[in-house]
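Trainee: Just to be clear, the model below is a prediction. Sequence and coordinates:
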Amino acid sequence: MGGRQTRKRKLYPAIAIVGEGITESIYFSQMRQQEDLQFTVKPDIGKSSGVDSIVNKALELLEKEYDMVFCVIDMDELIRDATLMKKYKELRKENDDKGLVFIETHPCTEFWFLLHYVYTTKAYTSYSQLQKELRKHLPSYEKTEKYLAGNNIYKQLKPNQPTARSNAEKTGSSGKGGSRSEIYKILDYLGVQ
């Protein structure tokens, strides 16, 4: 009896990545495209939003259609402002078990880019402090949509990704309290090699 065969399709969890600005939006969009990810990655990122808006957006996405949301948090402003840091810690404690995964980078996502070239835990307090060191490796780097999209920052960094992962893991385990990045955890979760 020639009944219709049904194929079981593998379902992937729907994930989103929410961060503070254009750097994260472009980087993760390019990663999704280049890696041809089977996940729903939604870098729904506004320009210069704060930790409150990141968490609120993430919770909104969880309520609607996503199973997990990575919240990419630049720590530079939080570390400079005790009130903001307290608020962040409260938000994290309240929401850590709701499907939100907090990914910290100190001071900013550009530190993750720097780790593609060197291992350091130097305590950069801002992007402007880090910029000179990053430009030793990416001489024309600019934190602009034109540069990031036009130069395909993800593709440019991809050959050094194993170095970045190794360096990032060491920054987290160094215990020195300097700069660090957990962005590699997103790549690990997505199975990006």
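Mentor: Yep, it's here.

Trainee: doesn't residue 184 make contact with residue 169?
Mentor: Yes: Residue 169 lies in contact with residue 184 (CB atoms under 8 Å); the separation is 6.7 Å. Just so you know, the C-beta spots here come from the backbone N, C-alpha and C atoms, and that holds for glycine as well.

Trainee: neighbour count winner among those two?
Mentor: Per other CB atoms under 10 Å, whichever of residue 169 and residue 184 has more neighbours is residue 184, with 22 against 17.

Trainee: And the pLDDT at the more buried one?
Mentor: pLDDT, residue 184: 96.

Trainee: Likewise for residue 17?
Mentor: At residue 17, the pLDDT recorded in the model is 89.

Trainee: who does it bridge with?
Mentor: Residue 17 forms beta bridges with residue 70, as assigned by DSSP bridges.

Trainee: Near it, how many other residues are there?
Mentor: Neighbours of residue 17 (other CB under 10 Å): 29.

Trainee: In the protein, what residue spans correspond to strands?
Mentor: Under the criterion DSSP state E, the chain contains strands at 15-18, 68-74, 100-106, 180-181.

Trainee: and the second one, what does it pack onto?
Mentor: It stands for strand 68-74. strand 15-18, helix 51-64, strand 100-106, helix 184-190 (3 or more CB pairs under 8 Å, 6 or more residues apart in numbering; DSSP states H and E).

Trainee: if you set the cut-off to 6 Å instead, what comes out?
Mentor: strand 15-18, helix 51-64, strand 100-106 (3 or more CB pairs under 6 Å, 6 or more residues apart in numbering; DSSP states H and E).

Trainee: Mean neighbour count, those: which tops it?
Mentor: Compared across the helices and strands packed on strand 68-74, strand 15-18 shows the largest average neighbour count, a mean of 26 (mean count of other CB atoms under 10 Å).

Trainee: so where's this structure shaky on pLDDT?
Mentor: Confidence mapping of the chain against pLDDT under 70 gives the ranges 1-12, 38-49, 173-176.

Trainee: circling back to that earlier point, can you redo the helices and strands packed on strand 68-74 as JSON lines with distance to residue 133?
Mentor: Below are the helices and strands packed on strand 68-74 laid out as JSON lines (distance: least, CB to CB, whole Å):
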{"stretch": "strand 15-18", "distance to residue 133": "26"}
{"stretch": "helix 51-64", "distance to residue 133": "26"}
{"stretch": "strand 100-106", "distance to residue 133": "14"}
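
Trainee: could I get the strands of the chain as JSON lines with distance to residue 24?
Mentor: Below are the strands of the chain laid out as JSON lines (distance: least, CB to CB, whole Å):
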{"stretch": "strand 15-18", "distance to residue 24": "7"}
{"stretch": "strand 68-74", "distance to residue 24": "5"}
{"stretch": "strand 100-106", "distance to residue 24": "9"}
{"stretch": "strand 180-181", "distance to residue 24": "12"}
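
Trainee: Out of those strands, which gets nearest to residue 115?
Mentor: Set against residue 115 and scored by CB to CB, these come closest in strand 180-181, at 6.1 Å.

Trainee: Kind regards, and thank you for your time.
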